[in-house]
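Peer 1: please work out how this folds:
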Amino acid sequence: MNKKIGVFLSRMQPLHIGHLGIIEKALEENDKVIVIIGSKNKKGTIRNPLDVTIRRQILEEALEEKFGVNYKERIIVKELPDWSMETDIDSNIEWGRYLYYNIVSVSEQKKFSMYFSDDKSIIENWFDESLRNRINLRLFERQAMFQAVSSTKIRNAFLNNDKEYISLSCPNAVLKRYEKIKGIIEEVYSNPIDDFKMEE
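Peer 2: Below you'll find the predicted structure:
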C-alpha cells in the first residue's frame, strides 16, 4: 500500500522556525516526510554561506528537539547538490526532472506532496505537465504563518548582531552556534565567492 509522502526542499541558510513549521505541517498530513537540504555543493556565497555539514547538524538537532529522538521513523533527511546558478532559469525543467527523480528514488513512489513558502510559479515552472500531475503543491504564506521570517533577514541579523531577532526566529541548534555562524557569515559577506553551475 502506498504511503502519503511529503517533501520539503530548502537551503536552510540557516534553519529557522518557518522551515520547522512547514515540516510539522507536512508530518500532520503525511506518513513520511523527506526533508531535502538543497545546494549541497555550495558554500561561501552570499545566499549560501554555510556548508552542508553544519546545515545538516543544525537540522538534525532541531528535528530531534522538536519531534523527539525517534523522528527518523517518519523524517528522511537528504542532501541534494545544485547544478546551476540560482538565476539560471533556462534549466528549470531539467532541474525539475532531476529533483523529481531524486525524490522518487528515496520515496519509491511517483506521487507526493511538495511543501514550500516561495512564489508558486517558481515551483510550477520546475515541472512539465507530465510531472505536475503527480505532485500536489502545498503553498504556505510566509507572512501569514511565520511573520515573514527568512534566512536572508536572519543572515542580516547576524551581521547586525541582532541576537534578539535570531533567538525569536531560530531553533536552539542555531543559537548555540551563534559565534561560529556569525564568523562564517561575516567572512563570506566581506569576501564572497561567485555562484556557479556544473559543467555541461
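Peer 1: contacts, neighbours, all on C-alpha from now
Peer 2: Will do.
Peer 1: tell me the helices and strands packed up against the helix or strand where E24 lies.
Peer 2: Following DSSP states H and E, one finds E24 within helix 17-29. Using 3 or more CA pairs under 8 Å, 6 or more residues apart in numbering; DSSP states H and E, the elements in contact with helix 17-29 are strand 5-10, strand 32-37, strand 112-116, helix 142-146.
Peer 1: can you redo the ones you listed as JSON lines with distance to F196 and mean neighbour count?
Peer 2: Output for those, formatted as JSON lines (distance: least, CA to CA, whole Å; neighbours: other CA atoms under 10 Å):
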{"stretch": "strand 5-10", "distance to F196": "18", "mean neighbour count": "23"}
{"stretch": "strand 32-37", "distance to F196": "18", "mean neighbour count": "23"}
{"stretch": "strand 112-116", "distance to F196": "24", "mean neighbour count": "21"}
{"stretch": "helix 142-146", "distance to F196": "28", "mean neighbour count": "13"}
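Peer 1: nearest to N102, out of those?
Peer 2: Checking those against N102 by CA to CA gives strand 32-37 as the closest, at 9.9 Å.
Peer 1: what element comes up after that closest one heading to the C-terminus?
Peer 2: The element immediately downstream of strand 32-37 (helix or strand, assigned by DSSP H and E) is helix 52-67.
Peer 1: next SSE after the helix or strand where K153 lies?
Peer 2: Secondary structure assigned from DSSP H and E places K153 in helix 151-159. Using DSSP H and E, the helix or strand that directly follows helix 151-159 along the chain is helix 163-169.
Peer 1: coming back round to it: now render the helices and strands packed on helix 17-29 as CSV, adding mean pLDDT.
Peer 2: Listed next are these as CSV, based on pLDDT from 0 to 100:
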stretch, mean pLDDT
strand 5-10, 97
strand 32-37, 98
strand 112-116, 95
helix 142-146, 66
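Peer 1: got those as JSON lines, with distance to I76 columns?
Peer 2: Putting these into JSON lines (distance: least, CA to CA, whole Å) gives the following:
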{"stretch": "strand 5-10", "distance to I76": "9"}
{"stretch": "strand 32-37", "distance to I76": "5"}
{"stretch": "strand 112-116", "distance to I76": "14"}
{"stretch": "helix 142-146", "distance to I76": "24"}
